[in-house]
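Engineer: After the sequence you'll find the predicted model.
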Amino acid sequence: MSAVIDAHHHDDHAHGPAKGITRWLYTTNHKDIGSMYLWFSFIMFLAGGVMALVIRAELFQPGHSFVDPHFFNQMTTMHGLVMVFGAIMPAFVGLANWMLPMMVGAPDMALPRMNNLSFWILPFASLMLISTLFMEGGGPDFGWTMYAPLSTTYAPDSVTFMIFAIHLLGASSIMGAINIIATILNMRAPGMTLMKMPMFVWTWLITAYLLIAVMPVLAGAVTMMLFDIHFGTSFFDAAGGGDPVLFQHIFWFFGHPEVYIMILPAFGIVSHVIPAFSRKRLFGYDSMVYATSSIAFLSFIVWAHHMFTVGMPLAGQLFFMYATMLIAVPTGVKVFNWVSTMWQGSMTFETPMLFALAFVFLFTVGGFSGVMLAIAPADYQYHDTYFVVAHFHYVLVSGALFSIFCAVYYWLPKWTGFMYSEALGKLHFWLSFIGVNVAFFPMHFSGLAGMPRRIPDYALQFANFNAWSTVGAFIFGLSQLVFLYVVIKSIRGGQKATAQVWDGAEGLEWTVPSPAPYHTFSTPPVVK
Amino acid sequence: MSIATRFVPSGLLLFAVVALAVPASASSGWNMTPGVTEISRAIYDLHMLIFWICVAIGVVVFGAMLVSIILHRKSRGVTPATFHESTKLEIVWTLVPLGILIGMAIPATTVLVQMYDSGGEDMVVEVRGYQWRWQYKYLDDDLNEQISFFSNLSTPREQIRGQSEKGENYLLEVDNPLVIPINRKVRFLLTSNDVIHAWWVPDFALKRDAIPGFINEMWTIVEEPGIYRGQCAELCGIDHGFMPIVVYALPEDEYDAWYAEQLQLARVEDQLMERDWSEAELLARGEKVYGTHCVGCHQADGQGVPPVFPALAGNAMMTGDFDTHMEVVYHGRAGTAMQAFGPVLSPLDMASVMNYQRHAFGDAGSSKRAEAVKPKDIVSFAAAQ
Ligand code: HEM
Ligand SMILES: [Cu+2]
């Protein structure tokens, strides 16, 4: 049977993409789908960014300035949901689509049609999510964490659409994860044993398992919300015998692994870029794999560190405090390994490397505040203040997002066949680096000084910090237009890229020409 | 019987002036406040300890990075080394951080255990969160409430809208502050009437969620008299940013005097109910009640924020049947932000605010107006429920 198919489709293998719109609608090609994921996530990044700027504009000065508190709450909620489910996660899936098959020497993803489906769900789900803002009663206004009963009994009607959108986004993620696992486990080139897999492949493999484990939990949580809202159940309604805190337990059982879903692939990316530009092999490959696995395991038993103030018993507080502190150990191992990789290397500082170095530096800063937050008694003072906002933006913006920029600059020549403009890339880097720090560093101070998060107006002593944060946010936001320009310019043309692109880079993706042909590795390479 | 007391006695005002001149909570403005309790200082020390440990680790890690960036760069013509693993090093940088973490965990555990030791209190205050205000009830030895009152934001809307200059305690000021004595162990019981709120006063290092259907507890012993300010710390809806907390910590004798005065006032208010109220009196009182309880949603001009918060102006209910109006105010509207005010407002306040609403948004001034609603009507309505 397979012989027949082979013969029949023989000349299909040589053809390029279909013409016109159908190329994108029907495509099962991992590179096309990867590009669509990346463009989609960039659009969502801009949309979520505009919402962030609305928030920052309102907070520039104390007092009511532009938007009323109801709309403000919709902005914070939608900003969080769009950035997490629309920008960061799809961007990593896009990178996985583009790079995983090339890194393991496979011709495509294992399940190409499902790949098409998992992408095309996204635009519709996201459109539905964002459309809630225009519905009667306004969009979701209870924070991306959706705590009941604010998100159930007290929610605007549009919450139902948000729930459905989350179901769809979750289904898309699960399909993507299944596809990634199937590809990595079944389609590696001969000779590529597990412990020879590139780090990006390893981290994505583990991430995909996390996704499969926790996306159904989120689906369960929002389904219970749906039932409470429409079908008369009382899962989270104390008046009906339910438990509002149960929602938080379920949400964070998803939520904490979720934050690692957004950072493990980032670990993979910088584990490629730092060796390439240090011209030295990654230090401690094995320990990196073990550290990633332990982080993934630990991420399942720390969720209640988000809930230190809900009134858990002492034993519970202690358990979650110790477990959370423990995560710092494998995280530290990774940082030490990256620094040792640079040590006595021969470093150059092209844009990807700048982003990778900034990642190590600023992610570690976020890790420090993470350890502080892990200390339960101190968390009574930090919790739900801007200190937490500073923490997670350091790990997510200068962590996850910087790693995505890093990856795009690193692999862009392979995708387009042209070098990007190094000068503009560096401009983008420095503006982003300055913007991020001016925006988010003062939030540590406003938080410690006592400013709660998610408030549309604040007491006068927080005014200076907030003014700085707003200035930084606008610098950061506007500098992303430079990024857009650099990418478009490099698609249009420029200096031709070689197959190797970076002299220190290693891996199968650098053995194919630049731009990578529409079909690569139709016959698998052999890995020694 | 729950009677709201709404007058800050003059002695307290005097004290406030003195306390303002000598600010007790000297917040540095950049860092966590050390606060004014044993626990808050312990937490501050913990915070600084961990901060400095992080700084030290940062100096080592970022220092090594910086050295590499400066010395080990290609432009200096270095050839890269080839080492790429060392089990010994991996073990070292697993065990050393583990040791440091254990060093942090020990003091953290000690403080936590201390915070959980909530027995032996001298008094109990129930803190109840509402959208968007706090209610404080002082429970006596048999845990019956004696004094109970609401604490609302008192910053004028003009300041928020930028129509007048913002005061020093902008958004951190309330009409009726919580009053507690210093040097006594005060135990707080927290719960909520609607969504989850969180009660937080940084100077006491107390933050705990107020959850509907649940009772959380925490305690404090404040050591210095003063005025301490905090805010709701859990997103609780539109006016989450506008439900601050103000605590007056008084010397014991002053507190005892205040408490006695409040008990007295509560009794007087009971008698007020019996009196015959003129319509003008009710309207004046009703305007105040409207300003604290209704204006957040229905707005000062009664236009609301449709469709979430319906307009009262021109609403048929304002001119219609008195019982329907009472029904909604007393029981609220299930599933919406309109809460049941029956348990919240005294009959006197409910009668006043209904009169005010009907007067301001109904057929104001017209001679068709029905007779005023009297507190006694509310009492009989409540009895029939
Ligand atoms: C050393 C590692 C880390 C530790 C010990 C840590 C610890 C914590 C703790 C204790 C909180 C709860 C704070 C509170 O609400 O009071 C928190 C919040 C958060 N962390 Fe981390 N964290 C770490 C790394 C990360 C990473 C890698 C990410 C994501 C890439 C992340 C994302 C977040 C987010 C999104 C929140 C806030 C969620 C919300 O409430 O909206 N953290 N972290
Ligand atoms: Cu977490």
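Structural biologist: That came through fine. Ligands and ions are numbered 1, 2, ... in the order given.
Engineer: these two touch, right, residue B:84 and residue A:280?
Structural biologist: Yes. Between residue B:84 and residue A:280 a contact is recorded at 7.2 Å, counting by C-beta atoms under 8 Å. (C-beta placed from N, C-alpha, C; glycine too.)
Engineer: so what pLDDT did residue A:226 get?
Structural biologist: Here the pLDDT value assigned to residue A:226 is 97.
Engineer: ditto for residue B:368
Structural biologist: The predicted local confidence for residue B:368 comes out at a pLDDT of 47.
Engineer: residues from the stretch 51-200 of chain A in reach of ligand 1?
Structural biologist: The stretch 51-200 of chain A comes close to ligand 1 at residues residue A:145, as judged by C-beta under 6 Å from any ligand atom.
Engineer: Helices along the stretch 51-200 of chain A, start to end?
Structural biologist: With helices called from DSSP state H, counting those that start in this stretch, the stretch 51-200 of chain A shows them at A:69-81, A:89-104, A:112-131, A:159-186, A:199-230.
Engineer: Let me know which of those is tucked in deepest.
Structural biologist: For these, the largest average neighbour count (mean count of other C-beta atoms under 10 Å in any protein chain shown) is found in helix A:89-104, namely a mean of 27.
Engineer: between it and helix A:199-230, how many degrees?
Structural biologist: With axes from the mean of the first three to the mean of the last three C-alpha atoms, to 10 degrees applied, the angle from helix A:89-104 to helix A:199-230 works out at 150 degrees.
Engineer: circling back to that earlier point, overlap in contacts of residue B:84 and residue A:280?
Structural biologist: In terms of C-beta atoms under 8 Å, 6 or more residues apart in numbering or on different chains, residue B:84 and residue A:280 are both contacted by the residues residue A:341.
Engineer: And the strands in the stretch 151-300 of chain B, which stretches?
Structural biologist: Per DSSP state E, counting those that start in this stretch, the stretch 151-300 of chain B carries strands over the ranges B:178-181, B:186-192, B:197-201, B:206-210, B:216-220, B:226-232, B:244-250.
Engineer: Kindly provide the whole-number mean pLDDT of the helix or strand harbouring residue A:371.
Structural biologist: Residue A:371 belongs to helix A:351-374 when assigned by DSSP states H and E. Confidence over helix A:351-374, taken as the mean pLDDT, stands at 97.
Engineer: the more surrounded of residue B:84 and residue A:280?
Structural biologist: When neighbours are counted by other C-beta atoms under 10 Å in any protein chain shown, residue A:280 comes out ahead of the other of residue B:84 and residue A:280, with 24 against 15.
Engineer: would you turn the strands of the stretch 151-300 of chain B into TSV with mean pLDDT, mean neighbour count and distance to chain A?
Structural biologist: Output for the strands of the stretch 151-300 of chain B, formatted as TSV (pLDDT from 0 to 100; neighbours: other C-beta atoms under 10 Å in any protein chain shown; distance: least, C-beta to the nearest C-beta, whole Å):
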stretch	mean pLDDT	mean neighbour count	distance to chain A
strand B:178-181	96	23	17
strand B:186-192	95	22	8
strand B:197-201	97	27	6
strand B:206-210	96	26	5
strand B:216-220	95	21	4
strand B:226-232	95	23	5
strand B:244-250	96	24	8
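Engineer: among the ones you listed, which is nearest ligand 1?
Structural biologist: Comparing the strands of the stretch 151-300 of chain B by their distance to ligand 1 (C-beta to the nearest ligand atom), the top pick is strand B:206-210, with 9.5 Å.
Engineer: That closest one and ligand 1 in contact?
Structural biologist: No. Strand B:206-210 does not reach ligand 1 (C-beta under 6 Å from any ligand atom); its nearest approach is 9.5 Å.
Engineer: Go ahead and name everything in contact with that strand.
Structural biologist: For strand B:206-210, the external contacting residues (C-beta under 8 Å, 6+ apart) are A:309-311, A:380-381, A:383-384, B:127-129, B:188, B:190-192, B:196-200, B:216-218, B:220, B:233-234.
Engineer: can you give me the strands in the stretch 1-150 of chain B?
Structural biologist: B:123-130, B:133-139, B:145-151.
Engineer: Would you tell me which of those strands gets closest to residue B:316?
Structural biologist: Go through the strands of the stretch 1-150 of chain B one by one with C-beta to C-beta and the one that ends up closest to residue B:316 is strand B:123-130, at 27.5 Å.
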